[in-house]
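> Sequence first, predicted model second:
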Amino acid sequence: MTTKVKNWNDYWFQGDELIRDFEGMYRDIEDPWLQLEKTFQPRLFVGLSLLQWTLRDDPSRKLEILDIGAGLGGPTKYLKPYGKVTASDISETAIKKAAALDPEIDWVVDDITRAREEWLERFDIIWISEVLAIVITEIDDVLKNVASYLKPDGHLIFNYYLPDNPWTSRYISGSRALFDKLSEHFNVEVFIDLNPFDGSQRELLGLLGKKSNEP
């Protein structure tokens, strides 16, 4: 009898309905999305370059960093040279696995759609990769929470996968729409369309500053 290989996307959505059973996914699949294997992709190095840009006036400055939706922590370890790193994920199993792989990082189970009071204005940098599409139905709550966790001079570094032919309509429909949505909550300082001519590998990345009128 052949056992069907589990598809990690089945834990995210079914048809056009968001399921988001990430706890079940991390229990059933060793490395969902091959995230540890695929750490070394252009988005990692572009994101780190944006982080380094924020340190241009003081390269030795140590930062308070939050990695949201860190999963197993593939890219997270590359943030450690820049300061103290807190990494969160909604899956308790993911956090346990990640903490075993890298105990130097402060791993926290957290749902980014819900505000966390102890994080208000705590972080210099928030790193959010491959997460915004997953929380698209609560995108305004998420962006509001993220903005509130930043210090007044803090920055958000994001990436957003934008396929030409998405398998779900939950994606924001294009780069202009994403830019406009982010602009409601942040000052967009850098907005990069990575691989614009390859729909199968297209990603949007950027560096966002906190608006002065955000809490």
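Everything's here; your move.
> CA only for contacts and neighbour counts going forward, please
Will do.
> In this structure, where is pLDDT below threshold?
1-5, 165-168, 199, 213-215 (pLDDT under 70).
> Show me the helices in it, by range?
For the chain, helices defined by DSSP state H occupy the ranges 22-28, 42-54, 92-101, 139-149, 175-183.
> now those in TSV, with distance to residue 35 and mean neighbour count?
Output for the helices of the chain, formatted as TSV (distance: least, CA to CA, whole Å; neighbours: other CA atoms under 10 Å):
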stretch	distance to residue 35	mean neighbour count
helix 22-28	12	17
helix 42-54	12	16
helix 92-101	12	19
helix 139-149	22	21
helix 175-183	24	14
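> which residue sits closest to residue 212 in space, ignoring its chain neighbours?
Leaving aside its chain neighbours, residue 212 sits nearest to residue 152 (7.1 Å; criterion: CA to CA, 6 or more residues apart in numbering).
> That neighbour - how many residues pack around it?
The number of residues packed near residue 152 is 19, by other CA atoms under 10 Å.
> so how far is residue 135 from it?
25 Å (CA to CA, to the nearest Å).
> Repeat that for residue 90.
12 Å.
> go on, residue 155?
20 Å.
> Please say which of the two ends up with more neighbours.
residue 155 (27 against 18).
> residues touching the more buried one, list them.
By CA atoms under 8 Å, 6 or more residues apart in numbering, residue 155 lies in contact with 124-126, 207-210.
> From residue 95, how far out is it?
Following CA to CA, the distance that separates residue 155 from residue 95 is 24 Å.
> do residue 48 as well
In terms of CA to CA, residue 48 sits 23 Å off from residue 95.
> again, but for residue 73
Applying CA to CA to residue 73 and residue 95 gives a distance of 9 Å.
> could you pull out the strands for this structure?
For the chain, applying DSSP state E gives strands covering 13-14, 17-18, 63-68, 83-89, 106-109, 123-129, 150-161, 186-194, 203-210.
> quick one: buried residues of the fourth one?
Read that as strand 83-89. Across strand 83-89, burial judged by 16 or more other CA atoms under 10 Å covers 84-89.
> Summarise which helices and strands that strand is packed against.
strand 63-68, strand 106-109 (3 or more CA pairs under 8 Å, 6 or more residues apart in numbering; DSSP states H and E).
> what would those look like in CSV with mean neighbour count and distance to residue 180?
Converted to CSV, those look like this (neighbours: other CA atoms under 10 Å; distance: least, CA to CA, whole Å):
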stretch, mean neighbour count, distance to residue 180
strand 63-68, 23, 22
strand 106-109, 18, 30
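> Can you tell me which of the ones you listed is nearest to residue 147?
strand 63-68 (12.0 Å; CA to CA).
> strands paired with that closest one, and their directions?
strand 83-89 (parallel), strand 123-129 (parallel) (DSSP bridges).
> Output the ones you listed as a markdown table; include the columns distance to residue 111.
Formatted as a markdown table, the strands paired with strand 63-68 follow (distance: least, CA to CA, whole Å):
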| stretch | distance to residue 111 |
| --- | --- |
| strand 83-89 | 7 |
| strand 123-129 | 13 |
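> Go through those strands and name the closest to residue 179.
Residue 179 lies closest to strand 123-129 among the strands paired with strand 63-68, at 15.5 Å (CA to CA).
> now the angle from that closest one to strand 150-161?
10 degrees (axes from the mean of the first three to the mean of the last three CA atoms, to 10 degrees).
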